[in-house]
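Peer 1: Sequence first, then the predicted structure, then my questions.
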Amino acid sequence: MIQKVSNTDSVRALFGDWQETVIWSCLANTMGDLYTDNLEQPGSVMAILGDFCYLAGKPAEVLASFKPDWHDKDFIIMVPQNRAWGEMIEKVWGKRAKKVIRYALKKEPGVFDLEKLQRAADALPEEYTLKMIDEELYFQTRALEWCCDWTAQYSTYEEFKAHALGAVVLRNGEPVSGASTYSHYPGGIEIEIDTRADYQRKGLAYVCAAKLILECEKRGLYPSWDARTRISVHLAEKLGYCFAGEYDAYEIYGYNRQEE
C-alpha cells in the first residue's frame, strides 16, 4: 500500500545527488509530498509537486501508477531516475505516456552578471510597464489560463508573498509576459516563465527574467531554471546560466488511472 512519507530522512538516500528543486522542496517539507510503498524499509519513492513527479529507487509498478487524492489535474510530468524507471512508466501508462526531452541548467550561485541584467531590466520599451507581483496581480494572473502557473502552487496571496516573487510586463494594464515562482525550496525558487502568444519574440521574457534574477539576488535566493524547449535553454544562457544536459521525461495525459 502506498503511504505518505513524513520522515524525509528515511528516503533521502534514494534520490542520490539528483539536482532537482522539486525533490529538495519535498525533502525539506517545504512544498509537495513524498510517497513510498514501504514506510518501514523504503526501497522506492515518489516526489510530487504541482505538475511534476520524480521517481527514484527500485522501480515499482504500484508507485508508478499511483495518483494522490489531492491531485485534481488529468496531466502530470513524470521524470524517471533511470532507464528502468522509464520502462516502468511506459508499461504502466502505455499510449498515455508521451516521452519528451527536457533540458537541465546548472545551478551555479554567483555566476550572473548583475550589471548586464540591470541594463536588460531597464531597457523595456516605453509602451510597457515592469512590475513585481502584488496582491492585485496575484489575483489578475491566476484568472488567466496562459499564466496561471505563476502563482498556481500558492493558494493565498499571503502564502505567495511569504515564499515567492515574480516580475510581470504589462501593456495597457494587461499582463503580457512574466517570470515568477513555480515553487520554492530552502535557499531558492524554481522559475516559471511565460509570454502571451501575441507578444512572443519581442524580448519581453528576457526583461522579466532579468528582473526576477536581480530580485532573487537581493533576497539571497537562487533562481533555478529547468527548460522544456531549446528556446528556453537559449534564453537561460543569455541570462547567464550554463547548460547541464538533456534528460528524459514523460508527459502523462489521462492521469486518472482509468483503463484505456
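Peer 2: That came in fine, so what should we check first? Predicted, not measured: the structure shown is a model, and the values here were computed from it.
Peer 1: where are the low-confidence patches of the protein?
Peer 2: Counting by pLDDT under 70, the chain shows low-confidence ranges at 257-260.
Peer 1: Helices along that one, start to end?
Peer 2: 21-27, 61-64, 83-93, 114-122, 135-142, 157-163, 204-219, 230-239 (DSSP state H).
Peer 1: quick one: which of these is nearest K99?
Peer 2: Checking those against K99 by C-beta to C-beta gives helix 83-93 as the closest, at 7.6 Å. Heads up, the C-betas are built off the backbone N, CA and C, glycines and all.
Peer 1: Which neighbouring elements make contact with that closest one?
Peer 2: On a contact count with 3 or more C-beta pairs under 8 Å, 6 or more residues apart in numbering; DSSP states H and E, helix 83-93 meets strand 52-57, helix 61-64, strand 75-80, strand 97-105, strand 243-253.
Peer 1: For the shortest one, give me every contacting residue.
Peer 2: Right, helix 61-64. Here helix 61-64 makes contact (C-beta atoms under 8 Å, 6 or more residues apart in numbering) with 2, 35-37, 44-46, 55, 78, 85, 88-89, 91-93.
Peer 1: what's the answer for the last one, then?
Peer 2: Strand 243-253 is contacted by residues 19, 74-80, 83, 86, 89-90, 93, 96-106, 233, 236-237 when judged by C-beta under 8 Å, 6+ apart.
Peer 1: What of the third one?
Peer 2: Where contact means C-beta under 8 Å, 6+ apart, the residues beyond strand 75-80 that reach it are 20, 48, 51-55, 64, 67, 86, 88-89, 93, 97, 102, 247-253, 255.
Peer 1: ok, now which ones touch the closest residue in space to E127 that isn't next to it in sequence?
Peer 2: Spatial nearest neighbour of E127, chain neighbours left out: R171 (6.1 Å); criterion: C-beta to C-beta, 6 or more residues apart in numbering. Residues near R171 by C-beta under 8 Å, 6+ apart: 127-129, 199.
Peer 1: quick one, what contacts M46?
Peer 2: Here M46 is in contact with 34-36, 53-56, 63, 66 (C-beta under 8 Å, 6+ apart).
Peer 1: quick check, nearest of the residues you listed to Y138?
Peer 2: Distance to Y138, by C-beta to C-beta, is smallest for C53 among those, at 26.1 Å.
Peer 1: Neighbours of the closest one, how many?
Peer 2: Close neighbours of C53, defined as other C-beta atoms under 10 Å, add up to 28.
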